[in-house]
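Undergrad: structure of the sequence below:
(4 chains, ligands or ions: 6)
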Amino acid sequence: MVNTSVKIGKLTLRNPVMTGSGTFGFGSEMSEALDLSALGACVVKSTSREPRLGNPTPRIIETSSGILNAIGLQNGGIDNFIEEKLPFLRQYDVPIIVNLVGYEVADYVYLAERLTEAGGVHALEINISCPNVKHGCDFAVDPKLTFELITALRKATDLTLITKLSPNVTDVVSVGRAAADAGSDALSLINTLLGTAIDIRKRKFRLANVTGGLSGPAIKPIALRMVWQVHQALPNIPLVGMGGIVTANDAIEFLLAGATAVAVGTATFINPTAAIDVANGIEKFLAEQGIDDVNELIGAVTR
Amino acid sequence: MVNTSVKIGKLTLRNPVMTGSGTFGFGSEMSEALDLSALGACVVKSTSREPRLGNPTPRIIETSSGILNAIGLQNGGIDNFIEEKLPFLRQYDVPIIVNLVGYEVADYVYLAERLTEAGGVHALEINISCPNVKHGCDFAVDPKLTFELITALRKATDLTLITKLSPNVTDVVSVGRAAADAGSDALSLINTLLGTAIDIRKRKFRLANVTGGLSGPAIKPIALRMVWQVHQALPNIPLVGMGGIVTANDAIEFLLAGATAVAVGTATFINPTAAIDVANGIEKFLAEQGIDDVNELIGAVTR
Amino acid sequence: MPVSAQRYLVPVISNDEIIADHRVLTCHAPEVAALARPGHFVNVSVGDGYDPFLRKPFSIYTVDRERGEISMLFSIVGATTRGMAKKRAGDEIDLVGPLGGKIFQPDSREGATHVMVGGGYGVPPLVFLSKELLTADPGANIEFIIGARHKDLLLCEAELAEAGVTARMTTEDGSHGMRGRVTDALRLVLEEQSGNPVTVYCCGPTPMMHAVSDLCLELGAPCQLSVEVGMPCGMGVCMACVVDLADGRRVRCCTDGPVFGAGEVIW
Amino acid sequence: MPVSAQRYLVPVISNDEIIADHRVLTCHAPEVAALARPGHFVNVSVGDGYDPFLRKPFSIYTVDRERGEISMLFSIVGATTRGMAKKRAGDEIDLVGPLGGKIFQPDSREGATHVMVGGGYGVPPLVFLSKELLTADPGANIEFIIGARHKDLLLCEAELAEAGVTARMTTEDGSHGMRGRVTDALRLVLEEQSGNPVTVYCCGPTPMMHAVSDLCLELGAPCQLSVEVGMPCGMGVCMACVVDLADGRRVRCCTDGPVFGAGEVIW
Ligand SMILES: Cc1cc2nc3c(=O)[nH]c(=O)nc-3n(C[C@H](O)[C@H](O)[C@H](O)COP(=O)(O)OP(=O)(O)OC[C@H]3O[C@@H](n4cnc5c(N)ncnc54)[C@H](O)[C@@H]3O)c2cc1C
Ligand SMILES: Cc1cc2nc3c(=O)[nH]c(=O)nc-3n(C[C@H](O)[C@H](O)[C@H](O)COP(=O)(O)OP(=O)(O)OC[C@H]3O[C@@H](n4cnc5c(N)ncnc54)[C@H](O)[C@@H]3O)c2cc1C
Ligand SMILES: Cc1cc2nc3c(=O)[nH]c(=O)nc-3n(C[C@H](O)[C@H](O)[C@H](O)COP(=O)(O)O)c2cc1C
Ligand SMILES: Cc1cc2nc3c(=O)[nH]c(=O)nc-3n(C[C@H](O)[C@H](O)[C@H](O)COP(=O)(O)O)c2cc1C
Ligand code: FES
Ligand code: FES
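TA: Ligands and ions are numbered 1, 2, ... in the order given. Down below sits the predicted model:
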């Protein structure tokens, strides 16, 4: 038997494949399309203190091998999440990771406390890197602010903390190190790359929000490079790699680069069962290659 | 008649379409495939002080809607360029832009002086941003170093100076501003985004150099966003926009975002006449839309 | 509402041009055929690579549950529809579906008249709906209005005739049927039907649906509109397809719709 | 050397499977046919989108200058060759070419024997070369050696017979022809020819070419090898296809080659 389970902080995942926040709704939407319990973990859409209506439409447009999104973090707010979404998810035997977003440290701390208290949440992913809201990037581009935020969160909760890094920086390692130093149990990377597109006849931006975040296969080489860089610099902190993963082969590249787990984001839009297909594909690859533990792959790339 | 000519520093181009350095050799290779005189300008491969053998192979691999390259600046050195390549190019009625690369300020100054003296060179593109050589990124990620480099070059030559910016930074505007303040006549952007890819069966990087630069349509949204950001912040300096341009429509997006000219890079690999097809396509678009001057498009995007 | 979004790689049975740049592609997809109801759509991908990356939604046009076949009627506008146009019998096509949360709800009142108003590729789901109504009740009262700019763009007239439905055609240039817009014909129909229970079902270009919606509100006729917006996922998870409702909610078109009532949507 | 790299969108004439996962695609490309010589290749693109982005090189296999047709023999391994496999007569294919700087240089010495050594899709350009030699001189001495692991993988035996060339087949498992490798047959041929002017032309998998090159150096036979490395542009501008030469130069395979002499290349 092949072992596919990995550990992220205190959390043991049955396989290394999670969903990408914002690409899998709150889980319930997909509960008939696939078996949620077959996921390594279910990461839900960013949740904020108050409900948010998000940006005007168009919110997503297509680019070559990718999409630009500027959803603007539409969500029902923390009360709605705890009352309406969490009870449904608790039915499933799957780790639930809630992605948090806020304007300031106090927002994040409040959310972390509420979710710790609510019970049934296994880890928090800290979105310090959403490029689509005012001040959304403040934390992610600044190691010092990141350190402060994660320090405060570390005091507020015992839940596994995963800090989600932005790729829109010169030095992703320094931000990752700040989060690790402040007590983050793991890092996830990458969030989307800031981009835009223009309708040449209308002479207008194709997204109502002007810019959006680029995701999908187009960004995979960049994401993989960043995962590798961070793993080289910080080999002891588990990484959740993401950015353009569509197939098991893509995911295995991330594992070899140093990710302990991966997330499947945009790919779910074109293949509803992408996350589970990737998990199954990894298992098949291990069997094929005669590898009995997925952990052997982690960081195993050589020059 | 539609006017397609634009100005970059002291240089007037018959149309806004250049070739991308490193994707068009030294011009001579393509002289039978297309009419060099139909280009807005011919930008040649990076030239260094001494000949360079570049990196081991594989040097280019394919990714979704893009490629990763780690050529490592193979070139014959400045003597070879002036003796062997320049005389050929001088035969054509086309502005010649030489892309320079060096390890330190003195290298760049030396190259600029040699090329100014040689005659027949119309502008210098300063590659401060090649991610494939040791220290290759030092200038491009640091506004202060960029300012010093361009200041020294400004003293060394009267040729039009175009500083080529790297996208692998948190704040591309600050580097662009430093170059402009130091006297760069124009800015070109973007160079490639640092990425990697792994062969999962061999557990090895697919590029001999481990990482390489991502180019092609995959990066277009990021390039376009950066051109727009820099144009918003520095509306008075002409920009040469590039990154994923394949068609005239792509180029027009860059013009609308604020580029005065564009460069067609990787697209030449799949369509030898891409640069000229783009130039012709822009002219056709202008005619179709009843616009009599291409300059009307520059920065004309609205929200 | 969760969707039973399943992916199917299925063989194409036929692919025929019906009018210029419009084709009907039929494929063997028994699982989809079994579940499909009028207003449902499927998300189609034609390529092997990731450019274009997203699937594109197409309404289900005909369903043959016995043979396990469904068809889509599409107009060739971009990469996916160009790729669909190239498919030949025996080729594979990649579908996710059936998708759609709130679809057409047939008016079940005694003697109700069902008024279909369609334009462009909005007509096919209404043909599907009409056939389902007639299957359930061969005596169902159906009025069908199809609008187009020109007679060469009118769709499905023959198919409806075959099903026993005589459609009223309107063309903006008068080249076939009544000169004018679908709303001109709809006003006549609704006046004819005044006093009877009636429901309008509408699918077509947004300006047309907006006008139909306004007219139905004016005349007090219940109206169901299948709203079209870009749908990157079609499964309720991306939050890109949102529409603003009169009650202040911002909901997903794909799973909270795509069928909404007149007056419900803010245009 | 500048290449006259021109792009052509041309119709496919036929596309036939010859052995498992290997096909010959013929298209109408008169400009390419007019210029093509043995050792030239064309850069092919099959998709509409940008994934895969790059073209892929394929040797020119047959040329019918009268009809303006060329063909390529390809083995199905990835996106481009899968796309080529799907093309049917009448479909379009997108080519750039003919490409190649230094191609095969026929030995022009009186009475020279031309020894072809090919494996896999390295055989077709040598078939082209043999036919050209025979057209120029119907009495040309041609020895042709084809190697494969198993008889089901041997290519072009019948086509060569038709052209009047009896190829020596070698299979690693002895399932057809001589058991062994091409170098075993080559050693025999070169010994038979000892004293005569002879040139070896070789194209095949790199390990095979390496072995052939070593043998020719050992036996002092002139040898031309068509080297295969990844070629992102094929036109000499990307600098990715470099090979290191014994004289210390690092040159482009596409335009400074792809044909090099034994001893010239560092393997
Ligand atoms: C619920 C639903 C049901 C539908 N049912 C049908 C149906 O039954 N039949 C049918 O034919 N269609 C239907 N559609 C519409 C169909 O999904 C779209 O037309 C789809 O975009 C076609 O995909 P494509 O790849 O061919 O075109 P796309 O490439 O997506 O192009 C679509 C349109 O967008 C424009 N466009 C593309 N790229 C750009 C750009 N860069 N800048 C500006 N404009 C651009 C194109 O010119 C074109 O007009 C339906 C849509 C919805 C939401
Ligand atoms: C001068 C020249 C002439 C040639 N002539 C011919 C010819 O006549 N006939 C012919 O059949 N071929 C020929 N080739 C080879 C042909 O160009 C290549 O096989 C080409 O790559 C096929 O394209 P593809 O898109 O089908 O396969 P690709 O997708 O490019 O795959 C090619 C190989 O690379 C592997 N590969 C792809 N992606 C990855 C990855 N992510 N990691 C690791 N490995 C990967 C695949 O498994 C496969 O084995 C020639 C090559 C050269 C240089
Ligand atoms: C439509 C969409 C919405 C997203 N929303 C969020 C979000 O709310 N919070 C977050 O941290 N990341 C969000 N992301 C980023 C993804 O979780 C992921 O980091 C990114 O898309 C890269 O992975 P991918 O290429 O597999 O999609 C979103 C991505 C997309 C495409
Ligand atoms: C193979 C290759 C080699 C390149 N070499 C250079 C170089 O020598 N100097 C340089 O400034 N940029 C170089 N570039 C970067 C391009 O000039 C351009 O900035 C980048 O590729 C983005 O444009 P594109 O997507 O149109 O290719 C190279 C790019 C490629 C693909
Ligand atoms: S299309 Fe994604 S939520 Fe509706
Ligand atoms: S393939 Fe680009 S230089 Fe040879």
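Undergrad: can you map out the helices along the stretch 151-300 of chain A?
TA: For the stretch 151-300 of chain A, helices defined by DSSP state H, counting those that start in this stretch occupy the ranges A:172-181, A:220-233, A:248-257, A:267-270, A:274-289.
Undergrad: quick one: closest of the ones you listed to chain B.
TA: Closest approach to chain B among those is made by helix A:220-233 (2.9 Å; CB to the nearest CB). C-beta here means a position set from N, CA and C on the backbone, and glycine is covered the same way.
Undergrad: what about residue 169, how many residues nearby?
TA: Using chain A here. If you count neighbours by other CB atoms under 10 Å in any protein chain shown, residue A:169 ends up with 23.
Undergrad: that's the wrong chain, I meant chain C
TA: 19.
Undergrad: which secondary structure element contains it?
TA: For residue C:169, the host element (DSSP states H and E) is strand C:167-171.
Undergrad: so what's residue A:1 scoring on pLDDT?
TA: On pLDDT, residue A:1 comes in at 80.
Undergrad: scratch that, residue C:166 is what I was asking about
TA: 89.
Undergrad: residues contacting it?
TA: Counting by CB atoms under 8 Å, 6 or more residues apart in numbering or on different chains, residue C:166 touches C:144, C:160.
Undergrad: what parts of the stretch 101-250 of chain A come near chain C?
TA: A:216-218, A:246 (CB under 8 Å from any CB of the partner chain).
Undergrad: which pair in these spans the largest distance?
TA: For those, the farthest-apart pair by CB to CB is A:218 and A:246; their separation is 11.3 Å.
Undergrad: more neighbours, these two?
TA: residue A:218 (37 against 24).
Undergrad: nearest to chain D, of the residues of the stretch 101-250 of chain A next to chain C?
TA: Closest to chain D, out of all of these and judged by CB to the nearest CB, is residue A:217, at 7.4 Å.
Undergrad: and that closest one, what does it touch?
TA: A:65-66, A:244, A:246, A:250, B:63-65, B:218, C:50, C:53, D:51.
Undergrad: 7 Å - rerun?
TA: Residue A:217 sits next to A:65-66, A:244, A:246, B:64, C:50 when contact means CB atoms under 7 Å, 6 or more residues apart in numbering or on different chains.
Undergrad: so how far is ligand 5 from the nearest residue to it once chain neighbours are set aside?
TA: Closest residue to residue A:217 apart from its sequence neighbours, by CB to CB, 6 or more residues apart in numbering or on different chains: residue B:64 at 3.6 Å. Shown here: residue B:64 relative to ligand 5, a distance of 22 Å by CB to the nearest ligand atom, to the nearest Å.
Undergrad: residue B:64 - how many residues pack around it?
TA: 28.
Undergrad: and it, what does it touch?
TA: Applying CB under 7 Å, 6+ apart, the residues near residue B:64 are A:65, A:217-218, A:220, B:218, C:50, D:51.
Undergrad: and of the residues you listed, the nearest to residue C:145?
TA: Relative to residue C:145, and with distances defined as CB to CB, the nearest of the contacts of residue B:64 is residue C:50, at 41.1 Å.
Undergrad: just checking, the closest one touches residue D:50?
TA: No: counting by CB atoms under 7 Å, residue D:50 is not a contact partner of residue C:50; they are 9.0 Å apart.
Undergrad: and the nearest residue to residue A:10 once chain neighbours are set aside, how many neighbours?
TA: Distances taken as CB to CB, 6+ apart place residue A:160 nearest to residue A:10, at 5.3 Å, with adjacent residues excluded. By other CB under 10 Å, 22 other residues sit near residue A:160.
Undergrad: and for the chain, the residue most distant from the center?
TA: Because you didn't say which chain, this covers chain A. residue A:201 (35.7 Å; CA atoms, centre = their mean).
Undergrad: to clarify, I was referring to chain C.
TA: Farthest-from-centroid check, chain C (CA atoms, centre = their mean): residue C:49, 28.8 Å.
Undergrad: that'll do, ta.
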